[in-house]
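[1] model the following, please.
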Amino acid sequence: MFLKKLTLLQENISDDSTYPFSIPAIRHLNELTFEQNVAFFVGENGSGKSTLLEAIADKSGFNTAGGGRNHTYKVHASGSSLGDYIRLSWLPKATNGFFLRAESFYHFATYIEKVNPGLRGYGGRSLHQQSHGESFLSLFKHRFDEKGIYLLDEPEAALSPARQLTFLKIIHDLTRSRKAQFIIASHSPILLGYPEAQIFSFDGENIAEVSYENTDHYMLTKYFLQHREKLLADLFSEDV
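    Here you go, the predicted model:
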């Protein structure tokens, strides 16, 4: 593992009523300790999980538009508003890795084709000439290696359930040697099921570590699969 602890520098905050400190989970953050090679950030949209992941990417030296240390393109509104307010504790400090923003992956793929026409290190095949899911898996298989920290914001956005399972196998293969670390913001009950992963929920006033079975994602998905007809009947009856 590389990243051991994240600390919010409360003394640097002059106004906690402004964004991103207006987000309860961010405002009340003191520190997070990472004890496993795979950790997930979960929570509703707007709960702060992507904001914190982006700040980690910023402090790690990665392009906050998506990419690694040497990728220098820009995307509108991709800067971190939180990066200057956190401290990362490393042992040792990661020098390799990648930040994936699902929403700006198209721009990353375009940038890579301009600066690396042969797509060396990316499988040799245009990311634009593959489906969204294929291009994600191509990136994971060819760009990720054992020694690095990988920060992924909703990677399931382009992956079918079957390909999410393929991605879990990629994570497993990369973390077996304990030289790769993943921090993933996700809504996927499939990805969240990765064994022994830490899961940090952003849905309360404070970020709290929860078990897989206690995530809303697991409970709602399980209930839907077991009571689909009743749940949908109740949901649609609200329109009457």
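
[2] which sections of the protein are below the confidence cut-off?
    1, 68-79, 102-133, 146, 238-240 (pLDDT under 70).

[3] so what's the residue lying closest to Glu31 once chain neighbours are set aside up against?
    Residue nearest to Glu31 in three dimensions, not counting chain neighbours: Thr7, with 4.4 Å by CB to CB, 6 or more residues apart in numbering. The way it works is simple: take the backbone N, C-alpha and C, and place the C-beta from them, glycine included. Counting by CB atoms under 8 Å, 6 or more residues apart in numbering, Thr7 makes contact with Asn30, Glu31, Ile86, Arg87, Leu88, Ser89.

[4] one more time with 10 Å, if that's ok
    Leu29, Asn30, Glu31, Leu32, Thr33, Tyr85, Ile86, Arg87, Leu88, Ser89 (CB atoms under 10 Å, 6 or more residues apart in numbering).

[5] is it true that the second one touches Leu8?
    When you say that, I think you mean Asn30. Yes. Between Asn30 and Leu8 there is a contact under CB atoms under 10 Å: 6.2 Å.

[6] of these two, who's got more company?
    When Asn30 and Leu8 are compared for neighbours, Leu8 comes out ahead with 21 against 10, by other CB atoms under 10 Å.

[7] thinking again about what came up before, could I get the contacts of Thr7 as TSV with distance to Lys222?
    Formatted as TSV, the contacts of Thr7 follow (distance: CB to CB, whole Å):
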residue	distance to Lys222
Leu29	30
Asn30	32
Glu31	32
Leu32	27
Thr33	29
Tyr85	37
Ile86	34
Arg87	38
Leu88	35
Ser89	36
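
[8] and of those residues, the nearest to Gly97?
    Leu88 (12.2 Å; CB to CB).

[9] that's a strand at the closest one, yeah?
    Yes. Looking at Leu88 with DSSP: H, G, I helix; E, B strand; the rest coil, it is inside a strand.

[10] all the helices of the protein, residue numbers only.
    For the chain, the helices defined by DSSP state H occupy 24-27, 49-59, 105-115, 132-143, 161-175, 216-226, 228-237.

[11] can you put those in a markdown table and add mean neighbour count?
    Below are the helices of the chain laid out as a markdown table (neighbours: other CB atoms under 10 Å):
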| stretch | mean neighbour count |
| --- | --- |
| helix 24-27 | 20 |
| helix 49-59 | 23 |
| helix 105-115 | 17 |
| helix 132-143 | 18 |
| helix 161-175 | 16 |
| helix 216-226 | 13 |
| helix 228-237 | 10 |
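
[12] show me the one of those helices that comes nearest Val38.
    Proximity to Val38 (CB to CB) singles out helix 161-175 among the helices of the chain, at 6.2 Å.

[13] helices or strands next to the closest one in the packing?
    In terms of contacts (3 or more CB pairs under 10 Å, 6 or more residues apart in numbering; DSSP states H and E), helix 161-175 is packed against strand 38-42, helix 132-143, strand 148-153, strand 180-185.

[14] kindly recompute the last result at 7 Å.
    helix 132-143 (3 or more CB pairs under 7 Å, 6 or more residues apart in numbering; DSSP states H and E).

[15] list the helices and strands the helix it packs on packs on?
    Using 3+ CB pairs under 7 Å, 6+ apart, helix 132-143 is in contact with helix 161-175.
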